[in-house]
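Enquirer: Quick check, what structure comes out for this input:
(4 chains)
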Number of protein chains: 2
Amino acid sequence: MSQHDIGIDLDTSLGYLLKEASSALRAAMEEVLRPLGMTVTHYSCLELLAQRPGMSNSELARGAFVTRQSMNVLLQTLERDGYVVRPEQAPVGKVLPTRLTPRGRRSLAKATIAVRSVEVRMLGGMTEAERSDAFRALRSMIQSLRDDG
Amino acid sequence: MSQHDIGIDLDTSLGYLLKEASSALRAAMEEVLRPLGMTVTHYSCLELLAQRPGMSNSELARGAFVTRQSMNVLLQTLERDGYVVRPEQAPVGKVLPTRLTPRGRRSLAKATIAVRSVEVRMLGGMTEAERSDAFRALRSMIQSLRDDG
DNA sequence: TGACTCATGTCAGTAGTCTGACATAGGGTG
DNA sequence: CACCCTATGTCAGACTACTGACATGAGTCA
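Expert: Now for the predicted structure:
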């Protein structure tokens, strides 16, 4: 296959690099969360609930980038183990607002320390300007993929 | 939870944004590859083989960001269906060099067109300078996560 | 009011990926 | 040579997330 036939040159593709970075971040997070018996999705769910208490199953799913079916399975486990609570009946519609229990908050606190250290490490070699450049670039990519989809 | 207790502010976290961008890219790729009966890993494998013929199972796994066990399952399917070929016995050591068949190349050609359109769309609103800024930023993040890990 | 559309919660089945484990080949190094 | 360490290919089981499907509630509009 000659050079002009190559569709996506993986050495210079931003898409490939994006996946590589995301994969490295995920691996690093899994590494520090595993000793706490927590997966990335598990952690994401708790972190979302800490910042926006009362989020529904579907909202949590979108925030953690999984389907609402997957999040539902996770929430049932978290509820059974006492990390979150949901009302028996929906206050309005079918939406069940979810909240962290004290136990959930304690569990999250340890995980947050671990995950924060990973993010700090990832941004170690970058200046503030480079970080905001990266922020804008990622925002632009997301916007383009969503709008023109 | 008051402001200073928040470990990772998801609205400003580069890690979260990275995952969001990667998730949007993956979803867009799955959308265009599904009509071709191809998953992202499936496509990645063929694209890697087109650019570096003779890659082994383990090398392909690293390049597609999955375990060598997962790649092995995929390769067995691709081999059975005639998209790739591997020698019966390893020329040296246990490493089995894999190559695309003409059928594999034809299948890849269609997928490449689809995936290229996604990448073009993603980079639509960015200048050349912004793209190289993003490239450097992502490289830096990957480097930091790997080295200090 | 009734019909239509959309979002949500949930159950069931499927598919993709992972971890664990084993045997084997090659490169040092004593 | 013997030993150790690493990397590879592969099998098996478990887990996670996905697609498909259904019922329900809210909003819209004729």
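Enquirer: Would you mind naming what in chain A lies close to DNA strand C?
Expert: Along chain A, the residues adjacent to DNA strand C under the rule CB under 7 Å from any atom of the strand are A:30, A:56-59, A:68-69, A:72, A:75-76, A:90, A:93-96. Just so you know, the C-beta spots here come from the backbone N, C-alpha and C atoms, and that holds for glycine as well.
Enquirer: Buried subset of those, written for ChimeraX?
Expert: Command for ChimeraX, covering only those of the residues of chain A next to DNA strand C found buried under the criterion 16 or more other CB atoms under 10 Å in any protein chain shown:
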select /A:56,57,59,75,96
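Enquirer: List just the nearest of the residues of chain A next to DNA strand C to chain B.
Expert: Each of the residues of chain A next to DNA strand C was checked against chain B using CB to the nearest CB; the closest is A:Glu30, at 11.5 Å.
Enquirer: what does the helix or strand containing that closest one contact?
Expert: Using DSSP states H and E, the element containing A:Glu30 is helix A:14-33. By CB atoms under 8 Å, 6 or more residues apart in numbering or on different chains, the list of residues contacting helix A:14-33 from outside reads A:8, A:10, A:39-40, A:42-43, A:111, A:114-115, A:117-118, A:121-122, A:141, B:15, B:18-19, B:21-22, B:25-26, B:65, B:115, B:118-119, B:122-123, B:131, B:134-135, B:138-139, B:141-142, B:145-146, B:149.
Enquirer: Following it in sequence, what is the next regular element?
Expert: Where DSSP H and E defines the elements, the next helix or strand beyond helix A:14-33 is helix A:40-51.
Enquirer: mind listing what's buried in that next one?
Expert: Along helix A:40-51, the positions that meet the burial threshold by neighbour count (16+ other CB under 10 Å) are A:Val40, A:His42, A:Tyr43, A:Ser44, A:Cys45, A:Leu46, A:Glu47, A:Leu48, A:Leu49, A:Ala50.
Enquirer: can you list contacts of that helix?
Expert: Outside helix A:40-51, the residues that touch it by CB under 8 Å, 6+ apart are A:26, A:29-30, A:33, A:55, A:59-60, A:63-66, A:70-71, A:74-75, A:78, A:83-84, A:98-100, A:104-105, A:107-108, A:111-112, A:115, B:1, B:6-10.
Enquirer: Could you check the angle it makes with helix A:14-33?
Expert: On the basis of axes from the mean of the first three to the mean of the last three CA atoms, to 10 degrees, helix A:40-51 is oriented at 80 degrees to helix A:14-33.
Enquirer: Give the rounded mean pLDDT of helix A:40-51.
Expert: If you average the pLDDT over helix A:40-51, you get 97.
Enquirer: do that helix and DNA strand D meet?
Expert: Yes. Interface with DNA strand D: helix A:40-51 contributes A:Val40, A:Thr41 (CB under 7 Å from any atom of the strand).
Enquirer: just the buried members of the contacts of helix A:14-33?
Expert: A:8, A:10, A:40, A:42-43, A:111, A:114-115, A:118, A:121-122, A:141, B:15, B:18-19, B:21-22, B:25-26, B:65, B:115, B:118-119, B:122-123, B:131, B:134-135, B:138, B:141-142, B:145.
Enquirer: hmm, back to that, filter the residues of chain A next to DNA strand C down to just the ones in helices.
Expert: A:Glu30, A:Asn57, A:Ser58, A:Glu59, A:Arg68, A:Gln69, A:Asn72, A:Leu75, A:Gln76 (DSSP state H).
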